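[1] okay, sequence plus prediction incoming.
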Amino acid sequence: MLNEHHATATCMDPAAPIVAGILGRTTRNARILILGNPLANRKDPVRVAEEMTMVDLLSHGRLEVGFVRGVPYEVSAVNSKPVLMSERMWEAIELIQKAWTTHDGPFNWEGRFFQHRQVNIWPRPYQQPHPPTWVTALTPGSAARIADNGSVLATFLTGYEGTRKIFQAYRDRLVETGRPSAADDRFAYAALVYTGKTGAEGLEGARKLMWYIKANKVPPQFVMPPGYVPYHVRAAILRGERSAYDFKSMSLEDLINEGIVFAGSPSTVRGQIEKFYDRVGGFGHLLLMGQAGFLEHDETVKGIRTFAEQVKLALAGLGTGSPSASDTTTPQSQTRRPLPCRRHTETHRRAKGQGLSLEYTNRGLICWVDKGVTGGPNSLGEIRGIHRDFAGCADPRHHHKELPSNGNRSAGFRRKDKVVEYGCWRRHAWEQ
């Protein structure tokens, strides 16, 4: 992920498309996300459409295009206006998407904020009809428009409760408009993350990251310019009420407890992320901020590598990443493991009571028939009942698949030696 900011020491990338273009030619497989283009502070959205098209071509279709409104202290730096920034951003998004997808000649644009006599970009994006889009939101009120646009919703340092409300507003909008429920890959969360070999090492790395939220000193007249936030929010600030983003008064332990920082040993970080996933209703993208402040280069690389090697694989059952068919030879230690269906805890207990052991693997849910159990009501009959329970699962995060019948065994499960498999898969779990 790349981002772009101006007039601040917390981000040294004032031109994200340039860096993205370089990555497009120096990498081969990774997706490249720009999160994002600060559209409300850009004078020419058509230029943004052209820049993103070039990066998409250079990367052979690996670009994900993120749009952001822009932070308040950049308004004066780029001689922009703090009022109606959301409206400007959305008009720019509409113009960019039309520029990407119009193939029958030039069109003109006479909008509220942008006017173009002729829009006719060349070349076209590699990905058709256009690259995937992401839009950030820090409040629930911004989520509906993102859902309407079909974009991924990304939020940043909003913690358990703030994130849950924002994601739920997106889901509610889909229900309100009669569209299918959102998969986990429609949601992204950015957090400060440092993973150490030990808990102490992880916490020490996180303390060095705290510079990002503790030392970004901006004069008060530029922190919240008039019109940047809704009037009721500004009134609360003037009354002296604490902002949800007043992190400077919080300790590292407070930030971890709020779900703003994930830090510690690999097992601790994994548990923190799993807890966050459950509390917010699921999400598919974790954006790691693991490089800031007083972290040296080698410490940054070590934290990211430790996360990749010891946390990421253990979390493979979360989210909606789906491996390609060519990945079926991946070693067992690197396979995606679907999580238990929490709606069926009682079923799991009942199975255990009948001499059956349940195991979640890359092939789905496997039921082991304990030694000595060969038939009758306590084995295959019980398995049929369990299968019926799972087949009736209504959880949208799970995909249910009837396995073919095997000889005289019932359809819906099959038995091989002492193993019976039946179908309760997370939607994007591997199926072999």
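    That came through fine. Residues are numbered from 1 along each chain as shown.
[2] show me where the stretch 201-350 of the chain has its strands.
    Assigned by DSSP state E, counting those that start in this stretch, the strands in the stretch 201-350 of the chain fall at 261-264, 285-289.
[3] got TSV for these, with mean pLDDT and mean neighbour count too?
    Heads up, the C-betas are built off the backbone N, CA and C, glycines and all. Shown next, in TSV, are the strands of the stretch 201-350 of the chain (pLDDT from 0 to 100; neighbours: other CB atoms under 10 Å):
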stretch	mean pLDDT	mean neighbour count
strand 261-264	97	26
strand 285-289	94	19
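[4] who wins for proximity to Trp100 among the ones you listed?
    The closest of the strands of the stretch 201-350 of the chain to Trp100 is strand 285-289. By CB to CB, the value is 22.3 Å.
[5] ok, Glu91 - contacts?
    Pro45, Gly111, Arg112, Phe113, Phe114 (CB atoms under 8 Å, 6 or more residues apart in numbering).
[6] how about His285?
    Val152, Ala154, Asp185, Phe187, Ala188, Tyr189, Gly319.
[7] list the contacts of the residue lying closest to Met52 once chain neighbours are set aside.
    Spatial nearest neighbour of Met52, chain neighbours left out: Val65 (5.0 Å); criterion: CB to CB, 6 or more residues apart in numbering. By CB under 8 Å, 6+ apart, the residues touching Val65 are Ile34, Gly36, Asn37, Met52, His130, Pro131, Pro132, Thr133, Trp134.
[8] can you pull the contacts of Val152?
    Here Val152 is in contact with Glu64, Pro132, Thr133, Trp134, Val135, Asp185, Arg186, Phe187, Ala188, His285 (criterion: CB under 8 Å, 6+ apart).
[9] dig out what it forms beta bridges with.
    Trp134 (DSSP bridges).
[10] tell me the confidence at it?
    pLDDT recorded at Val152 is 97.
[11] gap between it and Glu64?
    8 Å (CB to CB, to the nearest Å).
[12] common neighbours of the two, please.
    Once CB under 8 Å, 6+ apart is applied, the residues that Val152 and Glu64 both contact turn out to be Pro132, Thr133, Trp134.
[13] among those, who's most crowded?
    Neighbour counts for the shared contacts of Val152 and Glu64, by other CB atoms under 10 Å, peak at Trp134, which reaches 24 neighbours.
[14] so who does that residue touch?
    Leu33, Leu35, Gly36, Glu64, Val65, Gly66, Phe67, Ser151, Val152, Leu153, Ala154, Ala188.
[15] so which of those residues comes closest to Glu161?
    Once CB to CB is applied, the member of those that ends up nearest Glu161 is Leu153, at 16.3 Å.
[16] ok, the closest one - contacts?
    So Leu153 contacts 134-137, 143, 146-147, 166-167, 170, 186-188 (CB under 8 Å, 6+ apart).
[17] and with 6 Å instead?
    Ala137, Ile146, Tyr170, Phe187 (CB atoms under 6 Å, 6 or more residues apart in numbering).
[18] now, these that are in helices?
    Ile146, Tyr170 (DSSP state H).
[19] need the contacts of Leu153 in TSV with neighbour count, pLDDT and distance to Phe307, can you?
    As requested, these are arranged in TSV below (neighbours: other CB atoms under 10 Å; pLDDT from 0 to 100; distance: CB to CB, whole Å):
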residue	neighbour count	pLDDT	distance to Phe307
Ala137	25	95	25
Ile146	25	97	28
Tyr170	25	97	27
Phe187	24	97	20
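[20] rebuild the contacts of Leu153 as a markdown table, extending it with distance to Pro14.
    Formatted as a markdown table, the contacts of Leu153 follow (distance: CB to CB, whole Å):
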| residue | distance to Pro14 |
| --- | --- |
| Ala137 | 24 |
| Ile146 | 25 |
| Tyr170 | 30 |
| Phe187 | 28 |
